[in-house]
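heads up, no residue letters with this:
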Ligand SMILES: [Zn+2]
């Protein structure tokens with residue numbers, strides 16, 4: 001029986017938003033990618049949450065405004 005390892009998830013919060021690695025701008029909400037596909041207007045919220053999932057072989061990084069942060073990534077001890 002093979003057990004799939006769950007990715008290690010690190011969630012960090014910055015009230016002012018996250019600057020992109022090239023320092024050109026603040027990160028946009030990652031949901032904009034799906035919003036564009038669905039024809040919905042882009043998120044205008046500040047992406048204050050950074051979610052890094054470590055899958056072992058690669059990392060996935062997502063940025064979310066407070067409203068769009070997936071519930072499973074919301075820190076349990078958040079006020
Ligand atoms: Zn958003």
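Yep, that arrived. This is a predicted model, so every value here is computed, not measured.

Residue 35 touches residue 28, doesn't it?
No. Between residue 35 and residue 28 there is no contact under C-beta atoms under 8 Å: 10.2 Å. C-beta: built from backbone N, CA, C; applies to glycine.

intersection of neighbour lists for these two?
42-43 (C-beta atoms under 8 Å, 6 or more residues apart in numbering).

out of these two, which sits in the busier spot?
residue 28 (19 against 15; other C-beta atoms under 10 Å).

Now do the same contact list for the more buried one.
Counting by C-beta under 8 Å, 6+ apart, residue 28 touches 42-43, 47, 63.

Name the nearest of those residues relative to the ion.
The shortest gap between the ion and any of the contacts of residue 28 belongs to residue 43, at 3.3 Å (C-beta to the ion).

Identify the residue spatially nearest to that closest one, adjacent ones excluded.
Excluding its sequence neighbours, the residue lying closest to residue 43 (C-beta to C-beta, 6 or more residues apart in numbering) is residue 29, at 3.9 Å.

close enough to count as contact, that neighbour and residue 69?
No. Counting by C-beta under 8 Å, residue 29 does not reach residue 69; the two are 9.5 Å apart.

Could you report the distance from the residue nearest to residue 43 to the ion?
Separation of residue 29 from the ion (C-beta to the ion, to the nearest Å) stands at 3 Å.

wait, is that residue part of a strand?
No. The assignment for residue 29, made by DSSP: H, G, I helix; E, B strand; the rest coil, is coil rather than a strand.

Tell me the spacing between residue 48 and residue 23.
18 Å (C-beta to C-beta, to the nearest Å).

the more surrounded of these two?
Neighbour totals were compared for residue 48 and residue 23, and residue 48 leads with 20 against 6 (other C-beta under 10 Å).
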